[in-house]
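[1] need coordinates for the below:
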Amino acid sequence: MRVMLKATLDTDKANEALRSGKLPEFLKEAVEPLKPEAAYFGPAEGRRTCFIVFDLQDSSELPRRLEPFFTQFNARAEVFPVMTADDLLKGLAQPR
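    Prediction:
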């Protein structure tokens, strides 16, 4: 299932990682294992935030996939099922 992770990083933890020069390394370690379809980074609600779309094969993967965001950044994480426009049209075309 395609999902979007919204990970909002703790400002103090992210600032510490930025000052130490480890922020890029930490982000790479957290994002690469997800094998994202897309990854975007920017401010949301005044905090550094990652928006990452990836394939979640089984819900039991969530702890392993999200743990780096919690341990490295004390992040607030939310996961949403998402679909492309083609997926939506396919779903709408199915009989009800």
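
[2] now do the strands in the protein.
    2-8, 38-44, 47-55, 76-81 (DSSP state E).

[3] now for the longest one, which elements pack on it?
    Same thing as strand 47-55. strand 2-8, helix 11-20, helix 23-31, strand 38-44 (3 or more Cβ pairs under 8 Å, 6 or more residues apart in numbering; DSSP states H and E). The C-beta positions use only the backbone N, C-alpha and C, and glycine is treated the same way.

[4] wait, which of these is closest to Leu92?
    strand 2-8 (16.6 Å; Cβ to Cβ).

[5] what would the helices and strands packed on strand 47-55 look like in TSV with mean pLDDT?
    Formatted as TSV, the helices and strands packed on strand 47-55 follow (pLDDT from 0 to 100):
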stretch	mean pLDDT
strand 2-8	98
helix 11-20	96
helix 23-31	94
strand 38-44	97
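
[6] out of those, which comes closest to Met83?
    strand 2-8 (6.2 Å).

[7] ok, the closest one: who's next to it in the sheet?
    Using DSSP bridges, strand 2-8 pairs in its sheet with strand 47-55 (antiparallel), strand 76-81 (antiparallel).

[8] and Trp90, how many neighbours does it have?
    No, residue 90 isn't Trp; it's Lys. Using other Cβ atoms under 10 Å, Lys90 has 11 neighbouring residues.

[9] Val31 now?
    A count of neighbours around Val31, defined by other Cβ under 10 Å, yields 19.

[10] check contacts around the closest residue to it other than its chain neighbours.
    Distance criterion Cβ to Cβ, 6 or more residues apart in numbering; nearest residue to Val31, sequence neighbours excluded, is Ala39 at 5.7 Å. If you count contacts by Cβ atoms under 8 Å, 6 or more residues apart in numbering, Ala39 has them with Val31, Cys50, Phe51, Ile52, Val53.
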